[in-house]
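# The sequence isn't on hand, but the structure is:
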Ligand SMILES: Nc1ncnc2c1ncn2[C@@H]1O[C@H](COP(=O)(O)OP(=O)(O)O)[C@@H](O)[C@H]1O
Ligand SMILES: [Mg+2]
């Protein structure tokens, strides 16, 4: 069901070895399943993702996209199936253990320390990456490498001028940027982004999209991106998977997947030409 890779395209900046067909996946889900009560939110999803790839995950609200990422990152425990990272089965390992092994889930607002400054939040993530854990007291040690990491990450998301305000005081868009800075500070191998630009103003969006594009251009990371905006999907993704009612409905080249009638109907449950259809511009 899960195609490994597409052939490299002319002008593709991704290094050849990372994309060569047959290279082992960095991340794989095998029949990954979770039921909440009687409701199966993610239903036996098997999919493999290689280094250098950016896969967009699309599907209607409630399709199971966020739950799928939470199962991969370990925020939720699977009812059945497994996640395999770099050939190692993750089993029931915790979210923290998975983070240490290179799975990076964008922090949610609840993971931030709202009363600490923006800079201190990023320093905590950098410190955790360096092995110091999420220990607030250790921030006082003023580790120079951690401080430099935090400075760079804040610059990358253009939050330097907000560095000293409490995280709780940020606008919604700036909080999303902070989440991305925290993820960058963790330096993961696999980046899991869940609608990273949701709630951002139009002028803020490019900051985050350009960053994701740069991570992709490194050629050795694996990126999963839940994204509703099809222009963004077309620009960034080299593959699209569609979840529908918890199941993998389609998997393949973005243009073909977006245009397929099956996806148009499943995504919307109504005519592709209807107003408000996020896929409408696909045709
Ligand atoms: N913790 C939970 N407990 C019960 N039901 C949940 C929980 N998390 C998600 N669900 C349900 O699982 C389904 C998939 O949700 P979600 O993954 O958030 O969808 P999406 O991100 O695609 O919009 C929905 O029906 C949602 O109500
Ligand atoms: Mg969601």
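Received the coordinates, thanks. Everything quoted here is computed from the prediction, not taken from an experiment. Ligands and ions are numbered 1, 2, ... in the order given.

# Please identify which helix or strand holds the closest residue to residue 127 other than its chain neighbours.
Among residues not flanking residue 127 along the chain, residue 146 sits closest, at 5.0 Å (CB to CB, 6 or more residues apart in numbering). Just so you know, the C-beta spots here come from the backbone N, C-alpha and C atoms, and that holds for glycine as well. Per DSSP states H and E, residue 146 falls inside helix 144-156.

# If you average the pLDDT over that helix, what comes out?
Averaged across helix 144-156, pLDDT comes to 91.

# Tell me which residues of that helix come out buried.
146, 147, 149, 150, 151, 153, 154, 156 (16 or more other CB atoms under 10 Å).

# if I look at the fourth one, how far off is ligand 1?
Same thing as residue 150. 30 Å (CB to the nearest ligand atom, to the nearest Å).

# thinking again about what came up before, C-terminal to the helix holding residue 146, what's the next element?
According to DSSP H and E, the helix or strand after helix 144-156 is helix 172-186.

# what kind of secondary structure is the one residue in the chain that gets nearest to ligand 2 in?
Using CB to the ion, the closest approach of the chain to ligand 2 is made by residue 66 at 3.2 Å. Judged by DSSP: H, G, I helix; E, B strand; the rest coil, the three-state class of residue 66 is helix.

# ok, it touching residue 226?
Yes. Applying CB atoms under 8 Å, one finds residue 66 in contact with residue 226, separated by 6.8 Å.

# anything in contact with each of those two?
Shared contacts of residue 66 and residue 226 (CB atoms under 8 Å, 6 or more residues apart in numbering): residue 194.

# Could you tell me which residues of this protein lie near ligand 2?
65, 66 (CB under 5 Å from the ion).

# what residues go with each domain of the chain?
Using automatic domain parsing, the domains assigned to the chain come out as 1-102+188-283, 115-187.

# what about the longest one, distance to the chain center?
Relative to its parent chain, domain 1-102+188-283 has a centroid offset of 7 Å by CA atoms, centre = their mean, to the nearest Å.

# Would you mind checking the average pLDDT for that domain?
84.

# Help me confirm that residue 28 is found in a strand?
Yes. Remark: residue 28 belongs to a strand, assigned using three-state DSSP.

# need the contact list for it.
Residue 28 neighbours (CB under 8 Å, 6+ apart): 46, 47, 48, 49, 83, 84, 85.

# Ligand 1 versus that one, what's the distance?
20 Å.

# what bridges to that residue?
residue 48, residue 84 (DSSP bridges).
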